[in-house]
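Asker: Next input, structure requested:
(chains A and B)
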Protein chains: 2
Amino acid sequence: MPKIVDHNKQKEKLAVATWRVIRRDGLERASLRNIAKEAGLSVGSMRHYFSTQSELLAFSMQLVSDRVCDRLQSFVPSGNLMEDVLHVLCEMLPIDEERSTEMEVWFAFTSKALVDPTLQALSLYVYDDMKGFIAKKVEQLIEQHSAGSRLDVNLETERLFALIDGLAIHAIMHPERLVPEQARAVLIYHLQSIFKL
Amino acid sequence: MPKIVDHNKQKEKLAVATWRVIRRDGLERASLRNIAKEAGLSVGSMRHYFSTQSELLAFSMQLVSDRVCDRLQSFVPSGNLMEDVLHVLCEMLPIDEERSTEMEVWFAFTSKALVDPTLQALSLYVYDDMKGFIAKKVEQLIEQHSAGSRLDVNLETERLFALIDGLAIHAIMHPERLVPEQARAVLIYHLQSIFKL
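Answerer: Numbering: from 1, shown residues only, chains lettered A, B, ... in the order given. Just a heads-up that it's a prediction; the model follows:
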């Protein structure tokens, strides 16, 4: 099915062009016309892939989530639970250029989701997915490191999830104030304080 | 100076109209024309107060920060440090309609700040201000509640600050998942876990 593959690849290329425009000029400039120009396509060819701006934005937002999921799924655990948990949680922090790009555009999409029901539904889906993922890690850590202690899984999950998103936003907004190593250090400090490592 | 007072009051009224438009339609709709219409003014009269959209947005963003600061400054401490800290930190969470409005628009401004240097400078100023405020509270709590324990003020400050902003974003984005009482409960749990209350 080479045609379908090409079609999807082209859609991804357009989504990445959308990210570039959002990152450089802001989401309000991410019109079909501007994205077509950025990608070197005519608006007519563009409509072959996305007929509305809303469709293009939803696909571009979904692609951020897909990229993170792909990396999480292809991760091979080392067997050291704490190291592995740190590794996967750092996939949710802007610790390098690739992740910074993804998170900056995710942040822009999230803000628009407040007034766009399609993006809001996607945002909620990813929120639930991430929270479930973090809950599983918290359960594993409690089981392995804190036998006998009275940790509340729900509160610990909400706390860790909010901490990660808060660190991510601070690092994106003010990289001169919170560099990746510091964000990582806060995360390690947090896990160590709970799981007494 | 009744004229100056009126002028400032009118600017605040326009800023609040800007918040309404942002909350309902998104920041990309916050043009001078749309805000004038929302406030029941002509675009001509509008320009008497703000000559550019950028000026209006910066003023409207600043007003969010001013409102929070006003509440913090007018707060009369009860004398119970932990209760007082909780009270002031909850000023940074969307625990009621007023605070939710402020935080939703703040979130929209923050996202635009990534591509708008004026808003970015304001965002950084408020970031530093809030972080300094939180650092002071952490120091007071350590002094009063944790004599002898080895808490790291900088890490605890960054952790608490990120936690608050993460909780705020989750509560704004998905109020059906994180209600105000839960956000407050996570914050109490966090402070208790550190300061052994």
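
Asker: Can you give me the buried ones in the longest helix seen in chain A?
Answerer: For chain A, the helix that runs over the most residues, judged by DSSP state H, is helix A:117-145. Using 16 or more other CB atoms under 10 Å in any protein chain shown as the test for burial, helix A:117-145 gives A:119-120, A:122-123, A:126-127, A:130-131, A:133-135, A:137-138, A:141-142, A:145. No exception for glycine: its C-beta is placed from N, CA and C like everyone else's.

Asker: Stretch A:70-84 now?
Answerer: Applying 16+ other CB under 10 Å to stretch A:70-84 flags A:81-82, A:84 as buried.

Asker: Same check on stretch A:11-20?
Answerer: In stretch A:11-20, counting by 16+ other CB under 10 Å, buried: A:11-12, A:14-19.

Asker: Among those residues, which one lies nearest to residue B:65?
Answerer: Nearest to residue B:65 out of the buried residues of stretch A:11-20 is residue A:19 (CB to CB; 29.6 Å).

Asker: From the buried residues of stretch A:11-20, pick the one nearest chain B.
Answerer: residue A:19 (12.6 Å; CB to the nearest CB).

Asker: For that closest one, list the residues it contacts.
Answerer: When contacts are counted by CB atoms under 8 Å, 6 or more residues apart in numbering or on different chains, residue A:19 touches A:60, A:64, A:101-102, A:105.

Asker: tell me which element it is part of?
Answerer: Assigned by DSSP states H and E, residue A:19 belongs to helix A:2-25.

Asker: After that helix, heading C-terminal, what element do we hit next?
Answerer: helix A:32-39.

Asker: So which elements touch that following helix?
Answerer: In terms of contacts (3 or more CB pairs under 8 Å, 6 or more residues apart in numbering or on different chains; DSSP states H and E), helix A:32-39 is packed against helix A:2-25, helix A:43-49, helix A:53-74.

Asker: and residue A:49, how far is that from residue B:166?
Answerer: Using CB to CB, to the nearest Å, residue A:49 is found at 35 Å from residue B:166.

Asker: which of these two has more neighbours?
Answerer: A direct count of neighbours by other CB atoms under 10 Å in any protein chain shown for residue A:49 and residue B:166 places residue B:166 higher, at 26 against 20.

Asker: What residues sit buried inside the helix or strand containing that one?
Answerer: Using DSSP H and E, residue B:166 sits within helix B:153-173. Within helix B:153-173, the residues scored as buried using 16+ other CB under 10 Å are B:155-173.

Asker: shaky segments in chain A?
Answerer: A:1-5, A:146-149, A:196-197 (pLDDT under 70).
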